[in-house]
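I'll drop the sequence and a predicted model, then ask my questions.
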There are 2 protein chains.
Amino acid sequence: MREVYVLGVGITTFTRLEYPLVEIAGYPAMMALKESGLSAVDHIYVANMGAGRLNKQTGLASAVVDHLGLTPAGAETIENGPASGASALKEGFMAVASGLHDTVLVTGAERMRAANSLETTDFVATLTHPLAEYIYGVTLPSLAGMFTRLYMDKYGVTTRHLSMVAVKAHANAMLNDFAHLHEPITMDGIEDGPDAQTNNPMVADPLRFYDCCPVSDGGACLILGTADAAKKLGRPRIRLSGVGQATDTHAVHERKDPTEVAAVRLAAAQAMKMAGIRAGDVDVAELHDAFTILEIVESEEAGFFKKGEGHKALEKGLTRIGGQLPINTSGGLKAKGHPVGATGVGQAHEIVLQLRGEAGPRQVKAAKTGFTCNFGGFGNNVVCLVFQREG
Amino acid sequence: MREVYVLGVGITTFTRLEYPLVEIAGYPAMMALKESGLSAVDHIYVANMGAGRLNKQTGLASAVVDHLGLTPAGAETIENGPASGASALKEGFMAVASGLHDTVLVTGAERMRAANSLETTDFVATLTHPLAEYIYGVTLPSLAGMFTRLYMDKYGVTTRHLSMVAVKAHANAMLNDFAHLHEPITMDGIEDGPDAQTNNPMVADPLRFYDCCPVSDGGACLILGTADAAKKLGRPRIRLSGVGQATDTHAVHERKDPTEVAAVRLAAAQAMKMAGIRAGDVDVAELHDAFTILEIVESEEAGFFKKGEGHKALEKGLTRIGGQLPINTSGGLKAKGHPVGATGVGQAHEIVLQLRGEAGPRQVKAAKTGFTCNFGGFGNNVVCLVFQREG
């Protein structure tokens, strides 16, 4: 297989966006094309989860390739729930690695806020098992709530730990112009102070308002290409050096121990093996914290901390910017936002900025190796990526 | 790139199916697994266009991999409108060709008849340009009607030619147990006889009832793998030797001459070039006749007949079973049926049977090279495949 490099990146602010989905996909793509100096590409992948239902649009990839003036390049939409973005990057990786294409544009886009919040909650719930979960009224917050309770009981995680994830995420997002939430929060405000209960009401016990990511519109793009093309750009070369993916039972209750998220473990191990690294080599990571508990869990299953000790690492500040392994420097899904189909590409966008040294006030010093975990379904289809800086 | 072979195939009847979408995807996959002697695969692609809207299901690929007991294999849903099936096969081709995976299961599935016919017509219309076509009430039959009128005016095609496509399709479908329509029709009954106008009412001038494919549920599966794996099966080896894809303007009226379907021409040429063949080498072809005119047009743009002469070849019987180049031996979309996301995989299924010599009463003698054209959007995203028999 050929080595695969990032030739250019782009992103929209994650927020409520009033323009058509094709432009949400197109705008970051135009930024990435400009950065990479390309006016044509061999192929396009669009990562999206909800266009068919929320935006009444199918064949989105065909619309995007036309909108960008990139016909006759081939194009597909890749859907893997909230892990659509990393799945599309993996397809782009294969297209370049196989030798079939030299340049592949991968853009993720979602316009979720076009629908009302009940419709959106139902839409996201359609990623659960249709006969064993969805028809009983399970939503993602309710699944995550039950999961969190099990985790707290088993490993001594408390709601204070969950709030620490939120406070860190919001603080990091303050340093990211493209983040959805620019709202500094404190432990006093959401956990300890006299107004904490009012400020941070219950959503799905034990998860409260600040444990849940916002519903965002947004887009993000990476252009992937060959080593030769990367060398010509005169920027630090960022290699997509590892991809891993694993699935688990579709219904969460069918897992022997639901607190074991085997798909993250397998996907992370695969990606790191392909890249020839160990977890300890990672300098910066973006994890899929749609709910605060997930950052803690994934930091363990990816191998950064021992099982059941992620919350202790968090407590010690190891995952802050300046810590041993900064996690979710972008603000994460929690505060940067979670336009579902775009999220995985957005995670990769942050890692590329970090490895290039272009992350501004949230820059992790001398970051050489980055990792992303994009969590589809409720841990039933996970895609992990490793990026490495060369030169 | 490594060579890629078909290890196993499966299909459901294309019809109205009352069981869940995951089973429509799963049943042909189980047939294909059995045929290939595999109890595990490295990866799964699910081709589907409408689950999010018509079946309120996202992350369908995760559901399928679990349903088949194939976790922890990775899985994605591939959407490219009605060309989703061939797009998914192309992704499977890349996964094996790149060396990333040794066995990839590609299953296409659609459950369209769960919705009523107005909803289904609107759903299919969402593949048109959202701002330049869809909002003005364009539907696929209306677009195809306007296109057909232009073609008739320019090339002397008549409604008799359209009906000849339908009569041939229905005759072939009579020989295919898996076809949706088992209804023998005659020129007398739909074109010339006293009851023709009643039997074959206008849908979108000049297209009548028998010019339009039915709305079908259905699934089809191919398992792709390496040359070594194919050799061990002791069956004729069928190689997926060429893949091609091209896009065109998203809005049909933006094409200089809408009767020129450049994306078919480009995609077919690419696929044939990769396979090292010419159009004249093809022994059997499945073309995307969602409307009768499209079989004629694609038979020209793929290079089988000169532009504007497809209807003459049809008239001469060249495209019948027993003719120079049998087209749509399965019954085509017109009579085999068109479960949109599954169609491209279904086309490939027919070609594999033909090349293996397993097509029963519709067998094309000594077929060695087969071709499929899967037409996404209204010719704005086309994927062509070439299959060749070895040994």
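Nice, thanks for sending it over. Numbering: from 1, shown residues only, chains lettered A, B, ... in the order given.

in the one helix or strand in chain A whose mean pLDDT sits lowest, what's buried?
Ranking every helix and strand in chain A by mean pLDDT, DSSP states H and E puts helix A:117-125 at the bottom, with a mean of 94. With burial defined by 16 or more other C-beta atoms under 10 Å in any protein chain shown, the residues of helix A:117-125 counted as buried are A:120, A:122-125. Glycine gets a C-beta too; all of them are placed from N, C-alpha and C.

Could I get the buried residue list for the helix or strand that comes right after it?
Beyond helix A:117-125 on the C-terminal side, the first helix or strand identified by DSSP states H and E is helix A:140-155. By neighbour count on 16+ other C-beta under 10 Å, the buried set for helix A:140-155 is A:140-149, A:151-152, A:155.

can you put the residues you listed in a markdown table and add distance to chain B?
A markdown table is the format used below for those (distance: C-beta to the nearest C-beta, whole Å):
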| residue | distance to chain B |
| --- | --- |
| A:Leu140 | 11 |
| A:Pro141 | 16 |
| A:Ser142 | 17 |
| A:Leu143 | 13 |
| A:Ala144 | 16 |
| A:Gly145 | 20 |
| A:Met146 | 19 |
| A:Phe147 | 17 |
| A:Thr148 | 21 |
| A:Arg149 | 24 |
| A:Tyr151 | 21 |
| A:Met152 | 26 |
| A:Tyr155 | 24 |
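
Distance to B:His311 and pLDDT added to those residues, as JSON lines?
JSON lines is the format used below for the buried residues of helix A:140-155 (distance: C-beta to C-beta, whole Å; pLDDT from 0 to 100):
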{"residue": "A:Leu140", "distance to B:His311": "54", "pLDDT": "95"}
{"residue": "A:Pro141", "distance to B:His311": "59", "pLDDT": "96"}
{"residue": "A:Ser142", "distance to B:His311": "59", "pLDDT": "95"}
{"residue": "A:Leu143", "distance to B:His311": "57", "pLDDT": "95"}
{"residue": "A:Ala144", "distance to B:His311": "59", "pLDDT": "97"}
{"residue": "A:Gly145", "distance to B:His311": "63", "pLDDT": "98"}
{"residue": "A:Met146", "distance to B:His311": "63", "pLDDT": "97"}
{"residue": "A:Phe147", "distance to B:His311": "61", "pLDDT": "97"}
{"residue": "A:Thr148", "distance to B:His311": "65", "pLDDT": "98"}
{"residue": "A:Arg149", "distance to B:His311": "68", "pLDDT": "98"}
{"residue": "A:Tyr151", "distance to B:His311": "67", "pLDDT": "97"}
{"residue": "A:Met152", "distance to B:His311": "71", "pLDDT": "98"}
{"residue": "A:Tyr155", "distance to B:His311": "71", "pLDDT": "98"}
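
Looking at these, which one is closest to B:Gly303?
Nearest to B:Gly303 out of the buried residues of helix A:140-155 is A:Leu140 (C-beta to C-beta; 49.9 Å).

ok so, going back, the least confident helix or strand of chain A vs helix A:140-155, what angle?
60 degrees (axes from the mean of the first three to the mean of the last three C-alpha atoms, to 10 degrees).

Quick one: residues in contact with helix A:117-125.
Outside helix A:117-125, the residues within contact range by C-beta atoms under 8 Å, 6 or more residues apart in numbering or on different chains are A:50, A:53-54, A:112-113, A:115, A:134, A:138-141, A:215, A:340, B:52, B:56, B:58.

Least confident of those residues?
Least confident of the contacts of helix A:117-125 in the model: A:Ala115, at 91.

For chain B, see how far away the residue of chain A positioned farthest from its centre is.
Taking C-alpha atoms, centre = their mean as the measure, the residue most remote from the mean C-alpha position of chain A is A:Pro194, 34.0 Å away. From A:Pro194 across to chain B, the span is 41 Å (C-beta to the nearest C-beta, to the nearest Å).

Show me what the helix or strand containing A:Val243 pairs with in its sheet, parallel or antiparallel.
Assigned by DSSP H and E, A:Val243 falls within strand A:237-247. Strand A:237-247 has the following strand partners under DSSP bridges: strand A:5-11 (antiparallel), strand A:381-390 (antiparallel).

Can you give me the buried ones in the first helix or strand past that strand going along the chain?
Going down the chain from strand A:237-247, the next helix or strand is helix A:262-275, by DSSP H and E. Buried residues in helix A:262-275, counted by 16+ other C-beta under 10 Å: A:262-272, A:274-275.

same thing with stretch A:310-326?
Neighbour counts over stretch A:310-326 (16+ other C-beta under 10 Å) mark A:310-314, A:318-321, A:325-326 as buried.

Show me those residues that map onto strands.
Among these, none falls in strands (DSSP state E).

hang on, the earlier thing: name the nearest of the contacts of helix A:117-125 relative to B:Val297.
Set against B:Val297, the nearest of the contacts of helix A:117-125 by C-beta to C-beta is B:Gly52 (30.3 Å).

tell me the SS of A:Glu79?
Three-state assignment for A:Glu79 (DSSP: H, G, I helix; E, B strand; the rest coil): strand.

excluding its backbone neighbours, what's nearest it?
Leaving out its chain neighbours, the residue that sits closest to A:Glu79 by C-beta to C-beta, 6 or more residues apart in numbering or on different chains is B:Thr77, at 4.2 Å.

hey, what's the one you found bridged with?
When bridges are called by DSSP bridges, B:Thr77 pairs up with A:Glu79, B:Val46.

from what I can see it touches B:Ala63, true?
No - if you go by C-beta atoms under 8 Å, B:Thr77 and B:Ala63 don't touch, sitting 9.7 Å apart.
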